[in-house]
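Model the structure of this input:
(chains A and B)
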Amino acid sequence: EDQVTQSPEALRLQEGESSSLNCSYTVSGLRGLFWYRQDPGKGPEFLFTLYSAGEEKEKERLKATLTKKESFLHITAPKPEDSATYLCAVRKSNYQLIWGAGTKLIIKP
Amino acid sequence: NAGVTQTPKFQVLKTGQSMTLQCAQDMNHEYMSWYRQDPGMGLRLIHYSVGAGITDQGEVPNGYNVSRSTTEDFPLRLLSAAPSQTSVYFCASSYAGERETQYFGPGTRLLVL
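As a prediction, this is how the structure comes out:
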C-alpha cells in the first residue's frame, strides 16, 4: 500500500538548535517528492521538489535531501519564524499526490 | 493577484443540509483541486479538474460534487452534509505541467452537527 510517513509528529527546538525532519515513503512509481510549509489557519505553501536520489535543494535555513526510501528536511540554526507544520507529499506515476500527516515544528526563542 | 480565494472561512451545518464551498483563482491555472485535511492525517484529494468542463474524482469523492464552468472557479458542493464531513477544506491550483507547485487557498473550516 502506498504510504507516506512523517516523523516526529512534533518537534520543539531552541532557537539556533539544528535538527532534521523525516519523510519516509513506500510508493510505487515515484515521480517526485515535495515539501510544503503550513502556518496555523493557512493553506500549505510550496518549498521544494526533489526528483531523484541524491538530489538536494536549499532555501535559507532549510535543506531538503532525498534517498530511495526517505527524505530529510534539515533546518540549520532555526529562528522562531520557522515554526510551522512541514508537510511532505509524494507523486505517483498517475500524478496523484500522497501526503504525509506533517511534523509540527516549534522554535522557542 | 489575489491568488486562490475561498469562501466562506467558517461554516456550521446541520446533518442533511447542503452547501457550496467557493474557490476562485486569478492566475489562469488549468489545474484545480479540492482537499480535505483532518487531524493526524495527510491531505486527501476529493475532486480535481484539468480545465474548464473537465473534472475527475480523487481519493475521497463520495458526498461531494464539483463543476468547472470557467477557468477561474471551482466550487465544491456538499449534497447532504454528514458529521464525517467535518473538516478543513482547501482548494489549490497550478499550471497543468507543474502540479507539484500548487498554490493553496486559506481554507474553509466546516463543522457538521
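
what's the pLDDT at residue B:42?
Looking at residue B:42, its pLDDT stands at 89.

Surely it is in contact with residue A:87?
Yes. Here residue B:42 reaches residue A:87: they are 7.4 Å apart, a contact under C-beta atoms under 8 Å. C-beta coordinates here come from the backbone N, C-alpha and C atoms, glycine included.

Now for the two: what residues contact both?
Residues touching both residue B:42 and residue A:87 (C-beta atoms under 8 Å, 6 or more residues apart in numbering or on different chains): A:99-100, A:102.

For chain B, list the residues in contact with chain A, please.
Contact residues (C-beta under 8 Å from any C-beta of the partner chain) of chain B with chain A: B:4, B:40-45, B:58-59, B:90, B:92, B:99-107.

Please indicate which of the shared contacts of residue B:42 and residue A:87 are buried?
Neighbour counting by 16 or more other C-beta atoms under 10 Å in any protein chain shown classes A:99-100, A:102 among the shared contacts of residue B:42 and residue A:87 as buried.

restrict those residues to contacts with chain B.
A:99-100, A:102.

Reformat the residues you listed as JSON lines; add pLDDT and secondary structure.
Formatted as JSON lines, these follow (pLDDT from 0 to 100; DSSP: H, G, I helix; E, B strand; the rest coil):
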{"residue": "A:99", "pLDDT": "95", "secondary structure": "strand"}
{"residue": "A:100", "pLDDT": "96", "secondary structure": "coil"}
{"residue": "A:102", "pLDDT": "97", "secondary structure": "coil"}
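
ok now do the residue positioned nearest the centre of chain B, which residues does it touch?
Geometric centre of chain B, nearest residue: residue B:34, 2.9 Å, by C-alpha atoms, centre = their mean. Applying C-beta under 8 Å, 6+ apart, we find residue B:34 in contact with B:21, B:23, B:45-48, B:58, B:64, B:66, B:74, B:76, B:89-92.
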